[in-house]
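# Got a predicted structure here, sequence first:
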Amino acid sequence: MLDNLTQRFGRVVKNLRGQARLTEANVTDMLREVRMALLEADVALPVIKDFIAKVKEKSIGQEVIGSLTPGQALVGVVQRELTELMGGASVGLNLATQPPAIILMAGLQGAGKTTTTAKLGKWLKERQKKKVLAVSCDVYRPAAIEQLKTVSAQAGIDFFPSTPDQKPADIAAAAIDYAKRHFYDVLFIDTAGRLAIDTAMMNEIRALHAQVKPIETLFIVDAMLGQDAVNTAKIFAETLPLTGIILTKLDGDARGGAALSVRHVTGKPIKFAGVGEKLDGLEEFHPERMASRILGMGDILSLVEDAQRNVDQDKAQAFAKKMKSGKGFDLNDFKEQIGQMKKMGGMAGLLDKLPAQLSQAAQQAGSTVNDKSMNRLEGIINSMTPTERTKPEIIKATRKRRIATGAGVSVQEVNRLLNQFEQTQKMMKQFSKGGMQKMMRGMKGMLPGMR
Amino acid sequence: MFSFLKKKDRPSALSMPDAADTATSAHDATSAATPAATSWRDRLKAGLSRTRAALTTPLGELFSRNRIDEALLEDLETTLLTADCGIDATQWLLDELKSAVKKNTLESPSQLRQVLADRLTTLLAPLEQPLDVTAHKPFVIMIAGVNGAGKTTSIGKLAKYFQSQGKSVLLAAGDTFRAAAREQLKIWGERNGIAVIAQESGDPAAVVFDAISAARARNIDIVLADTAGRLPTQLHLMEEIAKVRRVIQKIDVTGPHEVLLVLDANIGQNAVQQVKAFDQSIHVTGLVLTKLDGTAKGGVLAAIARQCPKPVRFIGVGEGIDDLQPFRVDEFVEALLAGPENAAA
């Protein structure tokens, strides 16, 4: 999701790293890159202009605090602004009215209104134990009503039948009446897809809205939308008093700039995100997570949480001590490292949570480092005697042959492991020379989100 | 060159000779949303005029300025970017324009506009390759695209188009996933009086296989095979559609004779990704650009032309059953750039 944008920002930050401070010149350079990245991501131009102006204003003259690099400081500003642009904290559905709470679904053709209706209905039924009814006012597209009927059944919500020769207004009135008499908590009114410039259709939905007075009017938006999202959203927002936005098809590889545009233009919160074909593919939308993700910060928070949960604090401290001294890092520690990595969800899980540029680098550097080869390394170490593990230098040809047979691998692989270990050991010694602080500073350079 | 709006007397370029006649009868059944339409030419104009209005109001203003300067070029860049042309294509066009300005010492912005039209045409020209459906019988056309691009609707319109050319058509309901997709296609079939091959459930490849066998038995000219919408990131679904293609090849080694990717004109730069991804798994041979009647400008074609050129076979400019037409570069470019004040520049 949105990985491309993440990569772009990753590159931007890399460009800025190593420069001494935030000046007008380097900020402008970077902001040009940001503009390009956002454009490539289909964020609408007017939105970008606003955004860039805001960031520029706030970043120039910004003190670079403490050990932050200028790039990090700027990314901080960009992230804050991005989060703000996407709407601060997440907002749920408002159903606080005399039942039935009516939810009107509106959007372009093919945005995913019907599927989202079923997803949201299922969500309300299962999470909030609501009694849900769905009705389709799409009398235009062939088999649209049939589609809602089928997905409603799949979602386990009730469906109010309608036919293409009825008027949308009549359908809605009948459905509301039925919902009232049968004590439904929520009534979804699905509508036909319409172009924002189709005046007749826009008037129809305006009239429908006035008639049913929904408590929630949701605008369904395809995350893949291009520059035009801004125009469409504007007209929809002018026609209907929207209360929220649902972003669909976010599991695709679209960069999702439409999310920013639509949010900016309508000023309404993005309430949910559709991810996947299945009817449970609906998530609550978290702007702050999205912003972090876009900025290439990965899901560092949850990585840190994972690490704290899974890594034994004492062992980690002992290990840190060893690292600091640069001595005594042996194969036992090497194995320990591998074990801890596995606890945190293996290599793949780890890479997933790292910021884009880091995980890319890791993938390029160690295409061989996958979980399978990690298991193998562990196996080889397991085939060594305790003496061998503490003093790897005594491992010569015959011992290698024995270890290889024991682990069921070739001698070359044992050699490879020993080489790898030696490299790691060297690295540890290097770190120890500069001490822990230097190492942490180095890490900070790699992780823009770390303060 | 810019007389597109005045070319009323030109012979019908889009070769739908008696579409206007057949249209009226078919339209009664279909035009729930479209007001009584006249000829397809008017509808094309109407459809693209919104595109034009959105793009050329600023362009008309731009080209009526007094001189070519940085500000003009920057505004031009903005306009192209807002039309979804993408950074790469926009940069290319601007570079071309700048070098033309230097080389030919262009003076007036209206000359610049001529150059822009020229370059756009050069860029898009390779995409204009009309579909020839006479090479095989049955001519198997496979339709693919992301969810909600307009595949099934396009098939309905394509079926009508081919029928109007005197071809017999068969539809294969290969979307076995989405609720009521089969019913939707059946309704399109009923409207056009076309047989639809569908199965209760199961494998899309099997449905398509059946349809081709049926087409052979009934001596049908064209088979249109629908498939379920899928996002390129869903690898198992991309695998599934690759299988549909393989199965078509099994029954007819020359097939599928055309693999059409349906793109929504509202989609931004992701369209390029879509073309690449679908091309990789099913070898796309042509594109259909739908929903051009909105305010979206279809500039993404320029991005596609730069990064992964594929012939654009049809463009959809309206909701009516006749609103799908073959793509013509000169008309597209003219419609994009023609400002009302200098349509005949």
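Yes, it's here. Numbers count the residues shown, from 1 in each chain, chains lettered A, B, ... in the order given.

# got a list of what whichever residue of the stretch 151-300 of chain B sits closest to chain A touches?
Taking CB to the nearest CB, chain A has its nearest neighbour within the stretch 151-300 of chain B at B:Gly268, 2.6 Å off. Backbone N, C-alpha and C define where each C-beta goes, glycine included. Taking CB atoms under 8 Å, 6 or more residues apart in numbering or on different chains, we find B:Gly268 in contact with A:Asp42, A:Met224, A:Leu225, A:Gly226, A:Gln227, A:Ala229, A:Ala254, A:Gly257, A:Ala258, B:Asp84, B:Val300.

# Verify the stated contact: B:Gly145 with B:Lys151.
Yes. The criterion here is CB atoms under 8 Å, and B:Gly145 meets it with B:Lys151 at 4.9 Å.

# Mind listing the shared neighbours of these two?
Residues within reach of B:Gly145 and of B:Lys151 at once, by CB under 8 Å, 6+ apart, are B:Gly229, B:Val262.

# if we can go back for a sec, now the residue of the stretch 151-300 of chain B closest to chain A: closest residue in space, sequence neighbours ignored.
Leaving aside its sequence neighbours, B:Gly268 sits nearest to A:Gly226 (CB to CB, 6 or more residues apart in numbering or on different chains; 2.6 Å).

# Quick check: residues of the stretch 101-250 of chain A near chain B?
A:108-112, A:114-115, A:139-144, A:146-151, A:154, A:192, A:195-198, A:200-201, A:222, A:224-229, A:231-232, A:249 (CB under 8 Å from any CB of the partner chain).

# Just the ones of those residues in helices?
Per DSSP state H, helices hold the following members of those: A:114-115, A:144, A:146-151, A:154, A:200-201, A:229, A:231-232.

# the helices in the stretch 51-200 of chain B, which residues?
Along the stretch 51-200 of chain B, the stretches classed as helices by DSSP state H, counting those that start in this stretch are B:70-82, B:86-104, B:109-124, B:151-164, B:181-192.

# right, so those helices: which one is the most enclosed?
Mean neighbours per residue, mean count of other CB atoms under 10 Å in any protein chain shown, is largest over the helices of the stretch 51-200 of chain B for helix B:151-164, with a mean of 24.

# ok and that helix relative to helix B:181-192, angle-wise?
Using axes from the mean of the first three to the mean of the last three CA atoms, to 10 degrees, the direction of helix B:151-164 lies 20 degrees away from that of helix B:181-192.

# what's the distance between helix B:151-164 and the middle of its chain?
13 Å (CA atoms, centre = their mean, to the nearest Å).

# What ranges in chain A fall below the confidence cut-off?
In the predicted model of chain A, residues A:1-23, A:25-26, A:61-73, A:75, A:88-90, A:253-255, A:289-328, A:342-371, A:428-451 satisfy pLDDT under 70.

# sorry, that was for the stretch 201-345 of chain B
Looking at the stretch 201-345 of chain B by pLDDT under 70, you get B:201, B:338-345.

# mind checking the backbone torsions on the closest residue to A:Val78 other than its chain neighbours?
The shortest distance from A:Val78 to any non-neighbouring residue, by CB to CB, 6+ apart, is to A:Val55 (5.5 Å). Per-residue torsions, A:Val55: phi -60, psi -40 (degrees, to the nearest 10).

# How about the contacts made by A:Val55?
Counted by CB under 8 Å, 6+ apart, A:Val55 has contacts A:Leu31, A:Val34, A:Leu74, A:Val77, A:Val78, A:Glu81.

# Compile those into a markdown table and extend it with columns for neighbour count and secondary structure.
Shown next, in a markdown table, are the contacts of A:Val55 (neighbours: other CB atoms under 10 Å in any protein chain shown; DSSP: H, G, I helix; E, B strand; the rest coil):
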| residue | neighbour count | secondary structure |
| --- | --- | --- |
| A:Leu31 | 20 | helix |
| A:Val34 | 23 | helix |
| A:Leu74 | 28 | helix |
| A:Val77 | 19 | helix |
| A:Val78 | 25 | helix |
| A:Glu81 | 19 | helix |
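
# What is the nearest of these to chain B?
Of the contacts of A:Val55, the one sitting nearest to chain B (CB to the nearest CB) turns out to be A:Val34, at 13.0 Å.

# isn't that closest one right next to A:Val78, touching?
Yes. At 6.7 Å, A:Val34 and A:Val78 qualify as touching, with contact defined as CB under 8 Å.

# Quick check, pLDDT for whatever residue of the stretch 1-150 of chain B ends up closest to chain A.
The nearest approach of the stretch 1-150 of chain B to chain A comes at B:Gly148, 2.7 Å away (CB to the nearest CB). Reported pLDDT at B:Gly148 in the predicted model: 88.

# Report the closest residue of the stretch 1-150 of chain A relative to chain B.
Closest to chain B within the stretch 1-150 of chain A is A:Gly110: 2.7 Å, counting by CB to the nearest CB.

# Nearest residue to that residue in space, please, no chain neighbours.
Excluding the flanking residues, the one nearest A:Gly110 by CB to CB, 6+ apart is B:Gly148, at 2.7 Å.

# distance of the residue in the stretch 151-300 of chain A that chain B sits nearest to from A:Ile394?
Proximity of the stretch 151-300 of chain A to chain B (CB to the nearest CB) peaks at A:Gly226, 2.6 Å away. Between A:Gly226 and A:Ile394 the distance, using CB to CB, to the nearest Å, works out to 65 Å.

# And A:Gly339, by the same measure?
According to CB to CB, A:Gly339 and A:Ile394 sit 23 Å apart.

# the more surrounded of these two?
Each of A:Gly339 and A:Ile394 has its neighbours counted (other CB atoms under 10 Å in any protein chain shown); A:Gly339 has more, 14 against 10.

# how about the nearest residue to the more buried one, chain neighbours excluded?
A:Glu378 (7.2 Å).

# Which strand or helix spans that neighbour?
Secondary structure assignment for A:Glu378, by DSSP states H and E: helix A:371-382.

# which helices and strands does that helix pack with?
Applying 3 or more CB pairs under 8 Å, 6 or more residues apart in numbering or on different chains; DSSP states H and E, we find helix A:371-382 packed against helix A:331-343, helix A:346-353, helix A:397-407, helix A:411-446.

# I appreciate the help and will end here.
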